[in-house]
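[1] Return a 3D structure for these sequence lines:
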Amino acid sequence: MTDLSHFDANGASNPKNNIFGLPTSEEDARLVILPVPWEVTVSYGAGTARAAEHVFQASMQVDLLDIETGDAWKKGFFMRQPDRKVLMKSDYLRKEAELYIDYTSKGEILEKNSFMCKSLKEINEGSANMVKWVYEQTRTLLENGKLVALLGGDHSTPLGYFKAIAEKYGDFGILQVDAHCDLRKSYENFVYSHASIMYNALQEIPQLKRLVQVGVRDFCQEEWDYIRNSDYQVITYFDKDIKERTFEGQSWKQIADEIVSHLPDKVYISFDIDGLDPKLCPHTGTPVQGGFETEQIFYLIKKIVQSGRKFIGFDLDEIGVGETDWDANVGARILWKLCNLLVASNP
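    Numbers count the residues shown, from 1 in each chain. The predicted model follows:
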């Protein structure tokens with residue numbers, strides 16, 4: 001256990017310490033944050049592969065008092081350094097993907113271009129290796145008794161963690177906060193696309209019994225058909241429907257209680273930051289108007305915990321990198337809250 005007797009929780013953060021200015025080592029930390037600097041298949045805006053370093057810097061401005069969870073942070077949070085090999089591979093394959101997307105978007109026939117076929121194969125192999133790397137990293141951390149938070153990167157990054165969570169906890173459900181369904185099959189022929197994360201999870205992880213999506217406001221026919229034919233394995237609360245229910249007099253508490261009722265006993269939270277109002281994440285990869293305030297999501301997670309369900313892990317993805325560090329500041333505060341809730345829920 002880290003000696004905090006000389007640590008001033010009210011003072012300015014020391015950037016020589018770890019995230020949030022905490023003087024915690026990985027060995028002593030109850031919770032370890034794994035950054036995954038990956039954005040190979042992003043469809044619109046890039047930059048999220050470097051979000052972790054910006055969030056780390058912004059975290060030094062986060063005050064440590066969280067009245068709801070008390071001194072949960074004293075059990076220790078530690079963030080690893082982003083793996084440079086993963087980042088370099090992401091940068092290389094991202095350029096390949098940009099050329100491929102540009103080529104195919106113009107209606108060119110893939111099979112007629114051997115270079116593009118080779119690029120696609122390389123991108124899919126690289127993404128599969130990323131999934132395997134994340135699985136190995138998170139499995140080891142879980143085996144060592146750590147709670148794990150994954151910090152993206154794009155939303156393709158947590159699939160390996162889902163697999164490790166399934167091995168550790170057995171049957172579980174995912175609460176997905178997102179503007180998008182991410183239920184496309186091999187979007188743009190990228191098997192492990194950020195737009196396919198939940199499709200892949202449902203296909204590859206039998207322990208995933210229920211996916212509850214909230215905030216969705218941008219989706220395609222393929223995804224709509226998947227939801228309707230899922231026999232309620234996927235339950236989606238579209239942003240429009242949530243807003244209309246509140247316009248007609250229902251409270252967020254009523255809707256949140258209903259959302260929680262669909263979740264199984266063990267709950268993992270997959271938080272794509274574009275589920276929020278874009279004023280909070282203007283440089284996220286695929287922003288969509290509408291969305292939540294942070295307090296609405298924190299309230300929903302609190303209701304999950306109060307229901308007696310077990311909060312087993314989370315990922316936070318698609319934080320943008322812009323001219324200012326506004327996105328990183330919002331991301332750092334979301335990360336802080338989720339870390340505290342996860343640790344407080346697992347004494």
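
[2] Pull up the distance across stretch 203-223, start to finish.
    With C-alpha to C-alpha, to the nearest Å applied, stretch 203-223 spans 14 Å between its terminal residues.

[3] Report the buried residues of that stretch.
    205, 207-219, 223 (16 or more other C-beta atoms under 10 Å). In this view, the C-beta of every residue, glycine as well, is placed from N, C-alpha and C.

[4] Please enumerate the strands of the stretch 201-347 of the chain.
    If DSSP state E, counting those that start in this stretch is used as the criterion, the strands of the stretch 201-347 of the chain fall at 208-216, 234-238, 266-272, 310-317.

[5] ditto for the stretch 1-150 of the chain
    Under DSSP E, counting those that start in this stretch, the stretch 1-150 of the chain gives strands at 31-36, 77-79, 147-152.

[6] Quick one: the ones you listed as a markdown table, columns for mean neighbour count and mean pLDDT too.
    Shown next, in a markdown table, are the strands of the stretch 1-150 of the chain (neighbours: other C-beta atoms under 10 Å; pLDDT from 0 to 100):
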| stretch | mean neighbour count | mean pLDDT |
| --- | --- | --- |
| strand 31-36 | 26 | 98 |
| strand 77-79 | 23 | 98 |
| strand 147-152 | 25 | 98 |
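
[7] export those strands to CSV and tack on distance to residue 172?
    Putting the strands of the stretch 1-150 of the chain into CSV (distance: least, C-beta to C-beta, whole Å) gives the following:
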stretch, distance to residue 172
strand 31-36, 18
strand 77-79, 23
strand 147-152, 14
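
[8] Give the buried residues for stretch 6-17.
    For stretch 6-17, the neighbour count (16+ other C-beta under 10 Å) marks 7, 13 as buried.

[9] Any figure for the gap between the closest residue to residue 172 other than its chain neighbours and residue 258?
    Sequence neighbours aside, residue 266 is the residue nearest to residue 172 in space, at 4.1 Å (criterion: C-beta to C-beta, 6 or more residues apart in numbering). Distance, residue 266 to residue 258, using C-beta to C-beta, to the nearest Å: 19 Å.

[10] got a list of what the nearest residue to residue 267 once chain neighbours are set aside touches?
    Among residues not flanking residue 267 along the chain, residue 309 sits closest, at 5.1 Å (C-beta to C-beta, 6+ apart). Going by C-beta atoms under 8 Å, 6 or more residues apart in numbering, residue 309 touches 260, 263, 264, 265, 266, 267.

[11] now with 10 Å?
    Going by C-beta atoms under 10 Å, 6 or more residues apart in numbering, residue 309 touches 172, 173, 175, 260, 263, 264, 265, 266, 267, 303, 345.

[12] Only the buried members of these: can you turn that into a ChimeraX selection?
    Those of these that count as buried under 16+ other C-beta under 10 Å are selected in ChimeraX with:
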select :172,173,175,260,263,266,267,303,345
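
[13] For the contacts of residue 309, which two are the farthest from each other?
    Greatest spatial distance in these: 172 and 303, 17.7 Å, computed using C-beta to C-beta.

[14] Hmm, residue 98 and residue 116 touching each other?
    No - Residue 116 is beyond contact range of residue 98, at 11.9 Å (criterion: C-beta atoms under 10 Å).

[15] that older thread, would TSV of the strands of the stretch 201-347 of the chain with distance to residue 163 and mean pLDDT be doable?
    Compiled in TSV, the strands of the stretch 201-347 of the chain are given as follows (distance: least, C-beta to C-beta, whole Å; pLDDT from 0 to 100):
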stretch	distance to residue 163	mean pLDDT
strand 208-216	10	98
strand 234-238	19	98
strand 266-272	11	98
strand 310-317	12	98
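
[16] Which one of the buried residues of stretch 203-223 is nearest to residue 238?
    Checking the buried residues of stretch 203-223 one by one against residue 238 (C-beta to C-beta), the nearest turns out to be residue 216, at 5.2 Å.

[17] tally of neighbours for residue 198?
    For residue 198, the neighbour count with other C-beta atoms under 10 Å is 26.

[18] now it, nearest residue through space, not along the chain?
    Leaving aside its sequence neighbours, residue 198 sits nearest to residue 182 (C-beta to C-beta, 6+ apart; 4.4 Å).

[19] Alright, calling it a day.
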